[in-house]
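Trainee: build me a model:
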Amino acid sequence: MATRKLPHMTTAEILHSDVDANESWHAFEIMSEYVGATEKLKKITPAVSIFGSARTKPDHKYYKLTEKIARLLSDSGFTVISGGGPGIMEAANKGALPGVGPSVGLNIELPFEQSGNGYQDIGITFKTFFLRKVMFVKYASAYVVMPGGFGTLDELMEAITLVQTGKTRKIPIILVCSAYWAGLLDWLKNTLIAEGMASSEDMDLIQVIDEPKDVVAAIFKYYESKGFNLSPEEKKNQLFL
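Mentor: Presented below is the predicted three-dimensional model:
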């Protein structure tokens, strides 16, 4: 009976093996990224995270509206957090920079589209999307969601899900520009909820506001009785986002 031998590993297989080995070490890189971000951000609260399209140009009405909202928030003492890139993110940082509160950009390394804007008091660049998303939620007292694309929808739905499931504290989630969001809200009410995929109470997690001053007022109103500081239980929950 002929002796069977294992085939020699191909170059591709060797490279695949190296990737598997590096994956374990990647965990330490993630830990380092997390620790560095929390050290920079732990004193910035209360903060408001602003989301929106990276493709919005400076002369667009959404850009100008975002800039105004960010300035009002900053002048009111809030830190303004954006994704650190162009478009709505740039408008948020640009509006906040001259104000009282810090302007923070949570940048992400991408093969296209994303590049850090120049309006950040604090800028952090992440390699991983999930850690960046944790920081958006962990330090936000409110979400302000401007018109945007898939990334914006991702952040919006994740925030709703985390609040809905109790993985993070309840915060104001504000959609700005009612005409832009009308179709989505109609679908949520008349399809998602109508077919029992979510409860009608979940719609109460979302506010739709068009005026910049009303955005700021809504956030202050929400925290009038409870204050911005996290309770011990809320702090504990934030560890498991």
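
Trainee: low pLDDT regions in this protein?
Mentor: By pLDDT under 70, the weakly predicted segments of the chain are 1-21, 112-115.

Trainee: all helices of this protein, in order?
Mentor: Under the criterion DSSP state H, the chain contains helices at 11-41, 61-75, 88-96, 129-138, 150-164, 178-187, 212-223, 232-238.

Trainee: wait, which of those is closest to Gln120?
Mentor: Nearest to Gln120 among these is helix 88-96 (5.4 Å), distances taken as C-beta to C-beta. Any C-beta I mention is one placed from the backbone N, CA and C, and that applies to glycine too.

Trainee: before we move on, back to that, which one of the helices of the chain is the most hemmed in?
Mentor: With neighbours defined as mean count of other C-beta atoms under 10 Å, the helices of the chain peak in mean count at helix 88-96, which reaches a mean of 30.

Trainee: by contact count, what packs against that helix?
Mentor: The contact analysis (3 or more C-beta pairs under 8 Å, 6 or more residues apart in numbering; DSSP states H and E) places helix 88-96 against strand 47-51, helix 61-75, strand 79-82, strand 103-108.

Trainee: wait, which of the helices of the chain is closest to Tyr119?
Mentor: Closest to Tyr119 of those, according to C-beta to C-beta: helix 88-96, at 3.8 Å.

Trainee: roughly how far out does that closest one sit from the chain middle?
Mentor: In terms of C-alpha atoms, centre = their mean, to the nearest Å, the centre of helix 88-96 is set 14 Å apart from its chain centre.

Trainee: so which of the helices and strands packed on helix 88-96 comes closest to Arg169?
Mentor: Once the helices and strands packed on helix 88-96 are compared by C-beta to C-beta, strand 47-51 is nearest, at 13.4 Å.

Trainee: just checking, what packs against that closest one?
Mentor: helix 61-75, strand 79-82, helix 88-96, strand 140-145, helix 150-164.

Trainee: name the helices or strands packed onto the shortest one?
Mentor: Using 3+ C-beta pairs under 8 Å, 6+ apart as the contact definition, the elements that strand 79-82 packs against are strand 47-51, helix 61-75, helix 88-96, strand 103-108.

Trainee: cool, and the last one?
Mentor: Where contact means 3+ C-beta pairs under 8 Å, 6+ apart, helix 150-164 is packed against strand 47-51, helix 129-138, strand 140-145, strand 173-176.

Trainee: next, the angle from that helix to helix 129-138.
Mentor: Here helix 150-164 runs at an angle of 60 degrees relative to helix 129-138 (axes from the mean of the first three to the mean of the last three C-alpha atoms, to 10 degrees).

Trainee: adding distance to Gly118, write the helices of the chain out as JSON lines.
Mentor: Formatted as JSON lines, those follow (distance: least, C-beta to C-beta, whole Å):
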{"stretch": "helix 11-41", "distance to Gly118": "18"}
{"stretch": "helix 61-75", "distance to Gly118": "14"}
{"stretch": "helix 88-96", "distance to Gly118": "8"}
{"stretch": "helix 129-138", "distance to Gly118": "19"}
{"stretch": "helix 150-164", "distance to Gly118": "21"}
{"stretch": "helix 178-187", "distance to Gly118": "27"}
{"stretch": "helix 212-223", "distance to Gly118": "23"}
{"stretch": "helix 232-238", "distance to Gly118": "31"}
